[in-house]
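1. Take this sequence and fold it.
(one chain, ligands or ions: 2)
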Amino acid sequence: MDAASLAARLEAARDGSRRDLARLLTDVEDGRIAAADLGAQRAEGRSIAITGPPGVGKSCFIDHLLRAHAERDEPVALLAVDPSSALSGGALLGDRIRLTSPDDEVLAGRIYVRSIATRRSSGSIPSVLGDLVKVLHGCGWPLVIIETVGAGQSEVRCAAVADRIVLMEGPARGDAVQAEKAGLLELADLVLVNKADLDGAERHAAELRDSLALDGPDPPAVLLMSAQTGLGLPEALHALRTLESRPGSERARARERLANAAEARLVRHEDYEAILARIANGSLAPEDAVEVIWRGG
Ligand SMILES: Nc1nc2c(ncn2[C@@H]2O[C@H](COP(=O)(O)OP(=O)(O)O)[C@@H](O)[C@H]2O)c(=O)[nH]1
Ligand SMILES: [Mg+2]
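-> Numbering: from 1, shown residues only. Ligands and ions are numbered 1, 2, ... in the order given. Predicted structure coming up:
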């Protein structure tokens, strides 16, 4: 796309055209444009990642969160990174948010939902995600929520794109503090233990607090809540609204962001495919390939 039509599309998206916004995001997702091409690098905004195991209640909680912001006349966008989803475009998730009051159309105008299917195996999803956040900020969405499934290195990296990280856990599953293994507790600015209406939630919250207390100073708060019954929900929403990042999480996040940037440079290198082929057939050592890519710029 030429610069003029790109600028026109950006302006339309800023003026509230969701179709143009969706197309911009698709272009970024598919690698046709980068946030830098849009001059969206410096837009003001805030992003919060909500991460945790599948089924723990992240989406249910985010429904409440989006609605709470919309009711305060604060626009809020959601990027849902779903490795299991073959669908993209957000229709599924958008439909899931139950807006049932007479003012719902007004509320819906303040909410933008987009799901990102992690269909490409390039390993550059975190850097694409970072660009999507910037584009949303640049198009009038100052608050971006990122929903990621907290399971594995790539998801940790996705969470690290955000300014703040909230880890959601559920009732104890008998596997002690599993989040610790995923490195997520280290990154978390807040821990929510959801499904407080079920047995084991309180026990798991206590385990998490004990484990965090051992890990060092300034541990994140651990709050009990239920997205279903609403128990502890106002407190959880308030905590998110006023969430500060911890010094410990800043450093851990910086480390993941550095890794994101390095990987993005690797994956976007013009000879990436050729280099992979040479490593595969044994004619180039990975260590030498890194030298080539780093020097090549
Ligand atoms: N008992 C109970 N169930 C919940 C609660 N929050 C969510 N769920 C249920 O947990 C399941 C998974 O929720 P979802 O939000 O899709 O989880 P996600 O995979 O983390 O996004 C759904 O069936 C929800 O109804 C809760 O606080 N208590
Ligand atoms: Mg979900």
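2. any weak-confidence spans in the stretch 151-297 of the chain?
-> Residue ranges of the stretch 151-297 of the chain with pLDDT under 70: 151-153, 174-182, 296-297.
3. Ligand 2 contacts on the stretch 1-150 of the chain?
-> Residues of the stretch 1-150 of the chain found near ligand 2 (C-beta under 5 Å from the ion) are Lys58, Ser59. To be clear about C-beta, it is placed using only N, CA and C from the backbone, and glycine gets the same treatment.
4. where does the stretch 1-150 of the chain have low pLDDT?
-> In the stretch 1-150 of the chain, residues with pLDDT under 70: 40-42, 83-103, 118-124, 150.
5. List, one by one, the residues from the protein near ligand 1.
-> 54-60, 194-195, 197-198, 226-228 (C-beta under 6 Å from any ligand atom).
6. Just the buried residues from those residues, in PyMOL please.
-> Listed next is the PyMOL selection for buried residues among the residues of the chain next to ligand 1, using 16 or more other C-beta atoms under 10 Å:
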select buried, resi 56+57+58+59+60+194+195+226+227
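7. Mind checking which of the residues of the chain next to ligand 1 are in helices?
-> Secondary structure from DSSP state H places Lys58, Ser59, Cys60 of the residues of the chain next to ligand 1 in helices.
8. Double-check the second one against Ile145; I have them as touching.
-> No - if you go by C-beta atoms under 8 Å, Ser59 and Ile145 don't touch, sitting 10.8 Å apart.
9. Mind splitting this protein into its structural domains?
-> Residue ranges of the domains in the chain are recorded as 34-254, 255-297, according to automatic domain parsing.
10. show me where this protein has strands.
-> For the chain, strands defined by DSSP state E occupy the ranges 46-52, 76-82, 111-117, 143-149, 164-169, 190-193, 221-224.
11. Now distance to Arg241 too, for these, in CSV please.
-> What follows is those, written out as CSV (distance: least, C-beta to C-beta, whole Å):
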stretch, distance to Arg241
strand 46-52, 10
strand 76-82, 11
strand 111-117, 16
strand 143-149, 10
strand 164-169, 11
strand 190-193, 11
strand 221-224, 13
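12. these two touch, right, Ile293 and Leu266?
-> Yes - assessed by C-beta under 8 Å, Ile293 is found in contact with Leu266 at 5.9 Å.
13. In contact with the nearest residue to Ala227 once chain neighbours are set aside, which residues?
-> In this structure, Ala227 finds its nearest non-sequential neighbour in Cys60, 3.9 Å apart by C-beta to C-beta, 6 or more residues apart in numbering. Residues near Cys60 by C-beta atoms under 8 Å, 6 or more residues apart in numbering: Asn194, Ala227, Gln228.
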